[in-house]
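Colleague: no FASTA, just this:
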């Protein structure tokens, strides 16, 4: 287990939902682009707040995260919210995973971060996991968010600008790409506030 996964596994150790159960706002906005009842891969899905919500909307979900405690809680949430038949949880280190190819209609990646040397490879794997015309919905913190105290990675090199994403997804059709500010809800680890994020929707 790498250090980042170990850290998140500890954060997810108790029964509290660290980030609550409300889905990411950008995901809710952009979910209208998704084909009905499609297969979606949710990477870095943590405790499942986004994947379980998508299952409630009628999508079939594979929720993947490296933290075993997070995956267990996601599966439990799916059961409690009566969408277990549409929701599968998988615990795997994404850096070591044998990524599927040409399998999914959409991929959701919300606040999942990689070291600069790994980021392009991981983003390439995400794109290759999609069927032709498959969609990626992605939101991350922008480097300028560092130091604001509203969450996110503490180092600029772990955050992504629009230029970073444009480079990594140069083989995709970028439908939407924007650096913007939004309100960040408080969590167990910070008081919230206004954060700077980078948002993208791309199509294979």
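Modeller: Sure, I can see it. Quick caveat, the model's predicted, so the values are computed rather than measured.
Colleague: in whichever helix in the chain runs longest, what counts as buried?
Modeller: The single longest helix within the chain, with elements called by DSSP state H, is helix 68-80. Neighbour-count burial for helix 68-80, counted by 16 or more other Cβ atoms under 10 Å, picks out 68-71, 73-78. C-beta: built from backbone N, CA, C; applies to glycine.
Colleague: Beyond it, next helix or strand please.
Modeller: Downstream of helix 68-80, the first helix or strand assigned by DSSP states H and E is strand 87-91.
Colleague: tell me which strands and helices the longest helix of the chain is in contact with?
Modeller: Applying 3 or more Cβ pairs under 8 Å, 6 or more residues apart in numbering; DSSP states H and E, we find helix 68-80 packed against helix 3-11, helix 49-56, strand 60-65, strand 87-91.
Colleague: now these in a markdown table, with distance to residue 160, mean pLDDT and mean neighbour count?
Modeller: Listed next are these as a markdown table, based on distance: least, Cβ to Cβ, whole Å; pLDDT from 0 to 100; neighbours: other Cβ atoms under 10 Å:
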| stretch | distance to residue 160 | mean pLDDT | mean neighbour count |
| --- | --- | --- | --- |
| helix 3-11 | 16 | 86 | 15 |
| helix 49-56 | 18 | 98 | 25 |
| strand 60-65 | 19 | 98 | 24 |
| strand 87-91 | 24 | 98 | 20 |
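Colleague: ok and the longest helix of the chain relative to strand 60-65, angle-wise?
Modeller: Per axes from the mean of the first three to the mean of the last three Cα atoms, to 10 degrees, the angle that helix 68-80 makes with strand 60-65 is 150 degrees.
Colleague: Any chance you could list what contacts helix 68-80?
Modeller: Applying Cβ atoms under 8 Å, 6 or more residues apart in numbering, the external contacts of helix 68-80 come out as 8-10, 12-13, 15, 17, 21, 45-49, 51-52, 55, 63, 65, 84, 86-87, 89-91.
Colleague: starting at the chain centroid, how far to it?
Modeller: Averaging C-alpha positions (Cα atoms, centre = their mean, to the nearest Å) puts helix 68-80 16 Å from its chain's average.
Colleague: go on, stretch 71-89?
Modeller: Distance of stretch 71-89 from the chain centroid (Cα atoms, centre = their mean) equals 17 Å.
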